[in-house]
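[1] Would you be able to build a 3D model of this:
(one chain, ligands or ions: 1)
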Amino acid sequence: TGSKPDISRVKSAELYEKSKTYFPGGVNSPVRAFKSVYGTPLFIEKGDGCYIWDADGNQFIDFCGSWGPLILGHNNSKIREKVTEVMQNGMSFGAPTALENELAELIIKNNRFVEKIRFTSSGTEAVMSAIRLARGFTGRDKILKFEGCYHGHTDSLLVKAGSGLVTFGETSSAGVPKSFAEETIVIPLNDTAAIEQAFAQFKDQIAAVIIEGIPANNGLIIQDEDYIHFLRKICTKNNSLLIFDEVITGFRVGFEGAAAYYGVKPDIVTYGKIIGGGLPVGMYGASAEIMSHISPDGAVYQAGTLSGNPVAMAAGIATLTELNKSSFYKDLNNKTQDFVASIQRFATARNYKFKVFTVGSIFWFAFTDKDKIQSADDIDASSMEKFKIMHRELLNRGIYLGPSGYEVGFVSAAHTKIELEKAKRAIFEALDLVFRS
Ligand code: PMP
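    Just a heads-up that it's a prediction; the model follows:
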């Protein structure tokens, strides 16, 4: 089989022309602009289960899932019904509601890592607030982050490694003051010497170490369990807080996220995406003692007009109620692992330089022959050309992956054996085309 003809993008292209007159790059979040893959962005019209349809009527099996939130698939009836019911009573009060208690109880009763929480409206906000809390709690200013982890677009985290093993960060976005970046130390993942050196060099200055529970924004960079335990120990030893940014991994690799996956207790956790079931919700949480520093109890200010919004809480309640059922994760993870294992077997049998890295229902297609990818430096940027070809071939076969080779894919509860079989066949064909053309 050869390449398939490109799908029709007449309506999407028309909408894109218009959107470019309204929004920078025609989009409200950069990766949506399809800059790293072929063609113009697809404008999505509707979703149902594991399917989405674009403005031209093309149908796709979706492995992006709105970048993670849709663990139950698109337009889940339980979420829709709950949201519709709650909406009948109005959409925002800026006052406490019983729904916030209900979602909080679902989380706190089933999570060993948080005693008190605060809802925000995005992952970025959750992380920004967690950082402020860590600084307020410790009375220290510096933050240590890892090259290859993304934590949203808060100023102090839009920072990349400078030259040298342990460096102040350099801003990775215009508009971030150099002085802010100087409060952020950036080191490679999976490197015990680097973090030891950082703690020696910046003794008693580091408020917190922040890491993605399982780094999943720059490929899937799975860390050894030992390394995560090491981070816990070195933070404790230096009276610094360990922050797990679980915006992707929270409620994804299990109800209690990566913290339970590794058996490591972070001091502060952040959630986003799944917690809102597709509506804008973020959350940060910690022990009651640490959270007592948040205003109005404590001196660390943080607020939000739409925080705890009742409609968004309803979506969260409906979602987490499903996830809390006994075999939810076992079923989802087993299904995903069968799917990726057969893709790996296919590629290995043909000697393709291709690896699927995976945890739970997260997977990442890497054009590499490395068995492990544990730091950003392990990723070969030139391999992204192969992803571009694969992405196009998959779209043309009705399979939708996020439009960048650095993005992970997600399997949802709505993907059945039928769609996974269909997706597998398309992936096999795409791989043959990538490696044989
Ligand atoms: N942290 C992590 C680990 C993320 O993956 C993301 C979003 N991809 C964010 C923070 C930011 O979340 P949001 O886009 O909701 O602001």
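[2] longest single helix anywhere in the protein?
    For the chain, the longest helix by residue count, based on DSSP state H, is helix 328-349.
[3] what's the distance between that one and the middle of its chain?
    Mean-position distance between helix 328-349 and its chain equals 20 Å (CA atoms, centre = their mean, to the nearest Å).
[4] and what of stretch 170-180?
    The mean C-alpha position of stretch 170-180 is separated from the chain mean by 23 Å, CA atoms, centre = their mean.
[5] And the lowest-mean-pLDDT helix or strand in the chain, what does it pack against?
    One helix or strand of the chain scores below all others by mean pLDDT, DSSP states H and E: strand 167-168, with a mean of 76. If you count contacts as 3 or more CB pairs under 8 Å, 6 or more residues apart in numbering; DSSP states H and E, strand 167-168 packs onto strand 184-187. Placement of C-beta: from N, CA and C, glycine included.
[6] what's the next secondary structure element after the strand it packs on?
    helix 192-201 (DSSP states H and E).
[7] Residues contacting that next one, please?
    If you take CB atoms under 8 Å, 6 or more residues apart in numbering as the criterion, helix 192-201 is touched by 144, 165-166, 185, 187-188, 206, 209, 227, 230-231, 234, 237-238, 240.
[8] Looking at those, which is nearest the ligand?
    V209 (14.6 Å; CB to the nearest ligand atom).
[9] Could you give the bridge partners of the closest one?
    L144, L242 (DSSP bridges).
[10] Pull the contacting residues for T358.
    By CB under 8 Å, 6+ apart, the contact set of T358 is 220, 336-337, 340, 364.
[11] For C235, give its distance to H229.
    11 Å (CB to CB, to the nearest Å).
[12] Who has more neighbours out of these two?
    C235 (21 against 13; other CB atoms under 10 Å).
[13] Can you check the pLDDT for the more buried one?
    Note for C235: predicted pLDDT of 98.
[14] re the thing from before, now restrict the contacts of helix 192-201 to buried residues only.
    144, 166, 185, 187-188, 206, 209, 227, 230-231, 234, 238, 240 (16 or more other CB atoms under 10 Å).
[15] Shouldn't G94 be within a helix?
    No - per DSSP: H, G, I helix; E, B strand; the rest coil, G94 lies outside any helix segment and is coil.
[16] What residues sit buried inside the longest helix of the chain?
    So for helix 328-349, counting by 16+ other CB under 10 Å, buried means 328-329, 332-333, 335-337, 339-340, 342-344, 346-347.
[17] Counting by contacts, list what that helix packs against.
    Checking 3+ CB pairs under 8 Å, 6+ apart, helix 328-349 ends up next to strand 355-359, strand 362-366, helix 417-436.
[18] Next, the residues that contact it from outside, please.
    Outside helix 328-349, the residues touching it (CB under 8 Å, 6+ apart) are 71, 253-255, 322-323, 354-356, 358, 360-363, 411-413, 415, 417, 420, 423-424, 427-428, 431.
[19] the inter-axis angle of that helix versus strand 362-366?
    10 degrees (axes from the mean of the first three to the mean of the last three CA atoms, to 10 degrees).
[20] Please renumber the chain so that the first residue is 22 from this point on.
    Got it, the first residue is 22 from now on, which makes the last one we talked about helix 349-370.
[21] Next, the angle from helix 349-370 to helix 438-457.
    Using the same axes, to 10 degrees, helix 349-370 lies at 30 degrees relative to helix 438-457.
[22] Let's test this: mean pLDDT of helix 349-370, rounded?
    pLDDT averaged over helix 349-370 gives 98.
[23] and what of stretch 400-409?
    95.
[24] Then stretch 82-93?
    98.
[25] ok, and for it, which residues are buried?
    Those would be 82-86, 88-93, for stretch 82-93 by 16+ other CB under 10 Å.
[26] Okay, and which of the residues you listed map to helices?
    Per DSSP H, these never map to helices.
[27] between these, which is nearest the ligand?
    Distances from the ligand to the buried residues of stretch 82-93, taken by CB to the nearest ligand atom, are shortest for W88, at 5.8 Å.
[28] so who does the residue of the chain found nearest the ligand touch?
    Residue of the chain nearest the ligand, by CB to the nearest ligand atom: G144 (2.3 Å). G144 makes contacts with 173, 266, 268, 291-294, 303, as judged by CB under 8 Å, 6+ apart.
[29] and if you look at P331?
    107, 110-114, 118, 120.
[30] Pick the one among these closest to Y72.
    Y72 lies nearest to V107 out of the contacts of P331, by CB to CB, at 26.0 Å.
[31] Could you confirm N110 falls within a helix?
    No - read with three-state DSSP, N110 is coil and lies in no helix.
[32] Disregarding flanking residues, what is the spatial nearest neighbour of it?
    P331 (7.5 Å; CB to CB, 6 or more residues apart in numbering).
[33] swap in R418?
    A447 (3.8 Å).
[34] what residues are up against the one you found?
    A447 neighbours (CB under 8 Å, 6+ apart): 414-415, 418-420.
[35] Kindly recompute the last result at 6 Å.
    415, 418, 420 (CB atoms under 6 Å, 6 or more residues apart in numbering).
[36] I'd assumed A451 was in contact with the first one.
    Looking back up the chat, that one is L415. Yes - in this structure, L415 is within contact of A451 by CB atoms under 6 Å, at 5.3 Å.
[37] out of the two, which sits in the busier spot?
    A451 (25 against 22).
[38] Quick check: residues of this protein near the ligand?
    Contact residues (CB under 6 Å from any ligand atom) of the chain with the ligand: 88, 143-145, 148, 171-173, 233, 238, 266, 268-269, 293.
[39] contacting residues around the spatially most central residue of the chain?
    In the chain, the residue lying closest to the centroid (CA atoms, centre = their mean) is I269, at 3.1 Å. I269 is in contact with 89, 237, counting by CB under 6 Å, 6+ apart.
[40] separation between it and G278?
    From I269 to G278 the distance is 9 Å (CB to CB).
[41] Next: P26.
    In terms of CB to CB, P26 sits 42 Å off from G278.
[42] Comparing these two, which residue is more hemmed in?
    Remark: of P26 and G278, G278 carries more neighbours, 25 against 6, as counted by other CB under 10 Å.
[43] Near T213, how many residues? Count them for me, please.
    12.
[44] same thing with the one 10 residues further on?
    Close neighbours of F223, defined as other CB under 10 Å, add up to 18.
[45] Next, the residue nearest to it when sequence neighbours are not counted: phi, psi?
    The spatially closest residue to F223, leaving aside those adjacent along the chain, is K163, at 5.6 Å (CB to CB, 6+ apart). Dihedral angles of K163 (phi, psi; degrees, to the nearest 10) stand at phi -80, psi 150.
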